[in-house]
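Visitor: What follows is a predicted protein model with its sequence.
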Amino acid sequence: MSYKEEINKVNNVGLLFKGYDIVALSQVFLFENKLGRYGWGMSQIIKKLSLDNLVKFCLYLISPKKEINPSSLEYVFVNDIYNMSMVSNSRNLQKEFHKENIIDVICDKRIHRENDIYLYKFSNFLRTIIDIFKVTTLVFKNWEKVKEVAKLFNVNMIMLLLNIWDSLFVINCVERFFSKTSNVKSVVLNSDVHKISRIFVFYCKKHKIKNYVLQHGAPVLDYGYLPVYTDKMFNWGKLSFDWFLDKGTDINKLQITGAPKMDNIVLDKKSLENSLESLNVLVIMNPIGEVLCRDFLQIINDATKEIKVNLSIKLHPSSEHYGHLPKLIFNNYPYKVFRLENTHDLIRKSDVVISTTSTVGAETIALYKPLIQIKLEEINTKLAYEDYDCCISVRNHIELLEILKDKKQLYSKFSNYDKFISNFFYILDGESSERIKEVIAHEE
């Protein structure tokens, strides 16, 4: 069964409660489970058991709390995922609005700022317990339909039921949040696929509140981007616009604006005269599983032990439980590990970036740095910058070492960068956020 068919299956079970498609809220959980994304680290077990919102609620109880002024609140921004690239997209856009008219709803202590508000502040456990009894009865009445989805995604029915219960907890948080507000004009999200964001979208649909989603990454796996439920998606450029259109998204939902997180990018074309002595190498880790992460780092280790480089490793938020791997692999080689630091700043300080298939590759190109992509046989995903011949692909440490020692090869792809940047990011003029703000203001 294709991704499209599987996504349609998840979004057409028809298990409705309070106007929310309950199974559709579990889309990411179902696909991540089927793809084996949940390992046996503590954070992954928590996600597998659908306890992450409960754990974050407990952490909220010891976090700073802020009251909101319902009378002045007009724009709601939702940052529900611990991903600093996604967060920077949203927060760059927020700068275009008057501070007193917006609120940033967050769900993770690690991205908290002074004026943000936690969604879990609006929890309603009594209401949730009542809803659990109602929805569990509803599930039993539709047992065969729900079981068919669980079987398709290789999920135990109890595990799926736990995820549904988690959705009810979030639904009550969202509904109570809106009950405390009275003047919301628009809701802006980083995703309309992840559970919390999708709940916000479903609420907005019920109550006729304008809702928008920012493209949060290069569209690769369909389940992370489709279907588009919001009123409008703001695309980075023509390539992503065409991708969503080809996948059946209504053209009226799509608008090319550029990427807010790229508004601080100024093209700085690197000179070919720079020395390759003691290269500053930035390694970008991705959530590809512990075994593949180990293989990826081992290739880099085998190559760099032959030459002198200044090695930096940026952990992906979803791969932090692989944080022990650098120490294991590079046990006799000096390196630095970064977690929350701004990725653009790290790229700027580097001479070359090494990754697997990653959105960060596109940002590396926009910053005019050489991009080396390690191709692992188990990863079949292909991004647009490969079609534009903007990256140097290697399959083993011998090929990697050859590139790092050859200045001509390292800078060989720069002539292809401009066309890719234009089609992928539209235009790097620092005004993407302003364009989005104008669209939102015009549609009020």
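Guide: Received, thanks.

Visitor: CA only for contacts and neighbour counts going forward, please
Guide: Fine.

Visitor: Surely Ile379 is within a strand?
Guide: No: under the criterion used here (DSSP: H, G, I helix; E, B strand; the rest coil), Ile379 is coil, not part of a strand.

Visitor: Now do it against Thr357, distance only.
Guide: Using CA to CA, to the nearest Å, Ile379 is found at 8 Å from Thr357.

Visitor: What are the buried residues along stretch 153-173?
Guide: 153, 155, 157, 159-173 (16 or more other CA atoms under 10 Å).

Visitor: picking that back up, what about Ile379 and Thr357, which has more around it?
Guide: Thr357 (25 against 11; other CA atoms under 10 Å).

Visitor: List phi and psi for Phe338.
Guide: Note on Phe338: backbone dihedrals following degrees, to the nearest 10 are phi -120, psi 140.

Visitor: Please report how far it lies from Ile392.
Guide: Relative to Ile392, and taking CA to CA, Phe338 is found at 24 Å.

Visitor: Of those two, give the one with the bigger neighbour count.
Guide: Taking other CA under 10 Å, Phe338 and Ile392 do not tie; Ile392 has more neighbours (20 against 14).

Visitor: for the closest residue to the more buried one other than its chain neighbours, helix, strand, or coil?
Guide: Computed as CA to CA, 6 or more residues apart in numbering, the closest residue to Ile392 that is not its neighbour in sequence is Ile372, at 4.7 Å. Under three-state DSSP, Ile372 falls in the strand class.

Visitor: you'd agree Ile372 is up against Ser355?
Guide: Yes: under the criterion of CA atoms under 8 Å, Ile372 makes contact with Ser355 at 6.5 Å.

Visitor: Am I right that Val76 falls within a strand?
Guide: Yes: counting by three-state DSSP, Val76 is located in a strand.

Visitor: Which residue comes closest to it once chain neighbours are left out?
Guide: Per CA to CA, 6+ apart, closest to Val76 is Val187, 4.7 Å.

Visitor: repeat for Cys391
Guide: Leu371 (5.1 Å).

Visitor: Who does the one you found form a beta bridge with?
Guide: Val353 (DSSP bridges).

Visitor: ok, it - contacts?
Guide: 352-355, 361, 364-365, 390-392 (CA atoms under 8 Å, 6 or more residues apart in numbering).

Visitor: Among these, pick out the one closest to Arg294, please.
Guide: The shortest approach to Arg294 among the contacts of Leu371 belongs to Ser355, at 12.8 Å (CA to CA).

Visitor: State the phi and psi torsions of that closest one.
Guide: Backbone torsions of Ser355, given as degrees, to the nearest 10, read phi -150, psi 180.

Visitor: Quick check: pLDDT value at it.
Guide: Listed pLDDT for Ser355 reads 94.

Visitor: What are the buried residues along stretch 187-195?
Guide: Neighbour count says stretch 187-195 has 187-195 buried, by 16+ other CA under 10 Å.

Visitor: typo on my end, it should be stretch 327-334
Guide: Using 16+ other CA under 10 Å as the test for burial, stretch 327-334 gives 329-330.

Visitor: Likewise for stretch 99-109?
Guide: Going by neighbour count (16+ other CA under 10 Å), the buried part of stretch 99-109 is 101-109.

Visitor: who touches the residue nearest to Ile392 in this structure?
Guide: When contacts are counted by CA under 8 Å, 6+ apart, Ile372 is found next to 352-355, 391-394.

Visitor: In CSV, list the buried residues of stretch 99-109 along with distance to Lys314, secondary structure and pLDDT.
Guide: Formatted as CSV, the buried residues of stretch 99-109 follow (distance: CA to CA, whole Å; DSSP: H, G, I helix; E, B strand; the rest coil; pLDDT from 0 to 100):
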residue, distance to Lys314, secondary structure, pLDDT
Asn101, 35, helix, 90
Ile102, 31, strand, 93
Ile103, 30, strand, 93
Asp104, 26, strand, 95
Val105, 26, strand, 95
Ile106, 23, strand, 94
Cys107, 23, coil, 94
Asp108, 20, coil, 91
Lys109, 20, helix, 88
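
Visitor: out of those, which one sits closest to Ser90?
Guide: Asp104 (9.1 Å).

Visitor: Quick check: that closest one vs Asn8, distance?
Guide: For Asp104 relative to Asn8 (CA to CA), the value is 31 Å.
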